[in-house]
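Student: What follows is a protein structure lacking sequence information:
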């Protein structure tokens, strides 16, 4: 009587096992298709990133000078013939080498007389000055002057095509930087992965089937219970992070508001985790006056985000009520409120729970900046000279034994065009570089000084890239928040 159920069970398990094997093959094929699409998408995204970066780096004046100086096809025969051409060529060539591209990068312009797209500069060793562009002319011509990426070419020779417009300071279109890659080359690795996955799946299914067949029921049950527990934990964590992110997004102002209040601005916000313990903040008092701040709360991730929510909400409450006070007085009030909120009065326990803060009051009516800092400095670029205004060496919050915590207000008379930089310590404390050392404040000062002639939006790109290059493969140590404003 017991043999029949056992045999039936084996037949059912064998049928399930065979079905799973067939499904595995189908899944591998589906994944293969998805991987092909993913590789194309990654290739297009990489090319778009390259053209976007180069469109900001290539000098429009140099391109115009080449067009004015050489008006005939093939007049540039060597890369070293013209200094402007050489500089542009080297920029393209280095980008090709850095990104391991299989097709050259090109600067392309539209010749209205000949009604054709012409190559002006190429990363190839041999110039093709004013020669007709060899790519999908129709598709690129329809998108000339825009930024984007498409699949181009004929069915037999498909290409990934990305492009971005190059504008001069007057927003006049000068040309386009174009990046291409062979679509077949991009997806070749996916075919090899398909064959490898099928072979591995066949081998593993054979070995696993002989060992697990008798215990598959028990194994599935144990695995199901483990998966249920893991899913519950994951859902709890995901819900907590999502809710913390919702609170943080509601409290922290949008980066777009700085463009409304200042002539130029940037915000660099790189959380170590999904949510951040660092935040930027702004509040407009009247048409001529506003407060701005950059804060670094204790911890990162969810604990840091909880502290940031407390700090940001306290600023939103305190500053409108005490708008006439100077930043030092507001920091003192903020400290008292933080101590009360965290029940830290007279306690050493929890002394590390608080935040460092740089707070500025920008007064356009009197051309004056009032600054107070709690363990955070202010970088002030005044008439081309960078000054560091240090805050007080005491935090907001923490164990509170003294009666009051005093802060210092620094008064700075600024001129239109001056810039201020507020930031958390996550940027300068990041380990990296060839010797795996901290980035350091001095290196950030050098970055600002060397690129002070650029707009703040352009500086943000450079600062962000410098941080990532310095970090390299090393894990990000802390949240990063930096605010740059042209007052």
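Tutor: That came in fine, so what should we check first? Because the structure is a prediction, the values reported are computed rather than measured. Numbering: from 1, shown residues only.
Student: what ranges of the protein fall below the confidence cut-off?
Tutor: For the chain, the stretches flagged by pLDDT under 70 are 1-14, 16-17, 154-156, 186-187, 189-190, 192-194, 205, 208-224, 346-352, 399-403.
Student: Okay, helices next: where are they in it?
Tutor: Ranges of helices in the chain, per DSSP state H, are 3-57, 60-69, 83-99, 137-142, 183-212, 216-251, 256-261, 301-321, 327-341, 441-450, 456-471.
Student: would you list the ones you listed in TSV and tack on mean neighbour count?
Tutor: C-betas here are computed from N, CA, C, even on glycine. Converted to TSV, those look like this (neighbours: other CB atoms under 10 Å):
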stretch	mean neighbour count
helix 3-57	14
helix 60-69	16
helix 83-99	17
helix 137-142	14
helix 183-212	14
helix 216-251	12
helix 256-261	14
helix 301-321	20
helix 327-341	21
helix 441-450	14
helix 456-471	17
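Student: With respect to residue 174, which of those lies nearest?
Tutor: helix 60-69 (4.3 Å; CB to CB).
Student: The closest one vs helix 83-99, what angle?
Tutor: 130 degrees (axes from the mean of the first three to the mean of the last three CA atoms, to 10 degrees).
Student: Kindly report the domain assignment for this structure.
Tutor: Listed domain ranges for the chain are 54-186, 243-486 (source: automatic domain parsing).
Student: nearest to residue 31, of these?
Tutor: Using CB to CB, the domains of the chain put domain 54-186 closest to residue 31, at 16.8 Å.
Student: Now tabulate the domains of the chain in JSON lines and tack on distance to residue 36.
Tutor: Listed next are the domains of the chain as JSON lines, based on distance: least, CB to CB, whole Å:
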{"stretch": "domain 54-186", "distance to residue 36": "9"}
{"stretch": "domain 243-486", "distance to residue 36": "27"}
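Student: How far off centre is stretch 370-378?
Tutor: Mean-position distance between stretch 370-378 and its chain equals 26 Å (CA atoms, centre = their mean, to the nearest Å).
Student: So what pairs up with residue 370 in the strands?
Tutor: residue 361, residue 411 (DSSP bridges).
Student: Surely it is in contact with residue 360?
Tutor: Yes: between residue 370 and residue 360 there is a contact under CB atoms under 8 Å: 6.9 Å.
Student: More neighbours: which of those two?
Tutor: residue 360 (27 against 21; other CB atoms under 10 Å).
Student: ok, now which ones touch the closest residue to residue 84 other than its chain neighbours?
Tutor: Closest residue to residue 84 apart from its sequence neighbours, by CB to CB, 6 or more residues apart in numbering: residue 62 at 4.1 Å. Neighbour list for residue 62: 84, 87-88 [criterion: CB atoms under 8 Å, 6 or more residues apart in numbering].
Student: And residue 358, how close does it get to residue 460?
Tutor: For residue 358, the distance to residue 460 equals 18 Å [CB to CB, to the nearest Å].
Student: I meant residue 124, not that one.
Tutor: Taken as CB to CB, the span from residue 124 to residue 460 is 32 Å.
Student: next one: residue 86
Tutor: 29 Å.
Student: cool, residue 39 as well?
Tutor: On the measure of CB to CB, residue 39 and residue 460 end up 30 Å apart.
Student: same deal with residue 19?
Tutor: 54 Å.
Student: same thing with residue 414?
Tutor: Taken as CB to CB, the span from residue 414 to residue 460 is 21 Å.
Student: Over to residue 48?
Tutor: Applying CB to CB to residue 48 and residue 460 gives a distance of 18 Å.
Student: contacting residues for the closest residue to residue 240 other than its chain neighbours?
Tutor: Counting by CB to CB, 6+ apart, residue 240 lies nearest to residue 302, which is 6.3 Å off, once chain neighbours are set aside. Residue 302 is in contact with 240-241, 244, 273, 275, counting by CB under 8 Å, 6+ apart.
Student: now with 10 Å?
Tutor: By CB atoms under 10 Å, 6 or more residues apart in numbering, the residues touching residue 302 are 237, 240-241, 243-245, 273-275, 277.
Student: can I get those in CSV with distance to residue 69?
Tutor: CSV is the format used below for those (distance: CB to CB, whole Å):
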residue, distance to residue 69
237, 62
240, 63
241, 57
243, 61
244, 58
245, 54
273, 53
274, 53
275, 54
277, 55
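Student: for the residues you listed, which one is nearest residue 161?
Tutor: Nearest to residue 161 among the contacts of residue 302, counting by CB to CB, is residue 274 at 34.1 Å.
Student: how deep is that closest one tucked in, by neighbour count?
Tutor: 15.
Student: Next one: it from residue 451, what distance?
Tutor: Look at residue 274 and residue 451: by CB to CB, they are 31 Å apart.
Student: Which neighbours do residue 370 and residue 360 have in common?
Tutor: 291, 327, 410, 412.
Student: looking at it, the last one is touching residue 378, isn't it?
Tutor: Yes: Residue 412 lies in contact with residue 378 (CB atoms under 10 Å); the separation is 8.2 Å.
Student: Next, count neighbours for the nearest residue to residue 184 once chain neighbours are set aside.
Tutor: Leaving out its chain neighbours, the residue that sits closest to residue 184 by CB to CB, 6+ apart is residue 158, at 6.9 Å. By other CB under 10 Å, the residues close to residue 158 number 17.
Student: do residue 100 as well
Tutor: Neighbours of residue 100 using other CB under 10 Å come to 7.
Student: which residues does it contact?
Tutor: So residue 100 contacts residue 46 (CB under 10 Å, 6+ apart).
Student: cool, residue 146 as well?
Tutor: Here residue 146 is in contact with 140, 163-165, 173, 176 (CB under 10 Å, 6+ apart).
Student: what are the phi and psi values for it?
Tutor: Residue 146 adopts backbone torsions of phi -110, psi 180, taken as degrees, to the nearest 10.
Student: And it, how far from residue 90?
Tutor: For residue 146 relative to residue 90 (CB to CB), the value is 26 Å.
Student: of the shared contacts of residue 370 and residue 360, buried ones?
Tutor: Buried members of those, counted by 16 or more other CB atoms under 10 Å: 291, 327, 410, 412.
Student: any idea which of these is closest to residue 73?
Tutor: Nearest to residue 73 among those, with distances taken as CB to CB, is residue 412, at 56.9 Å.
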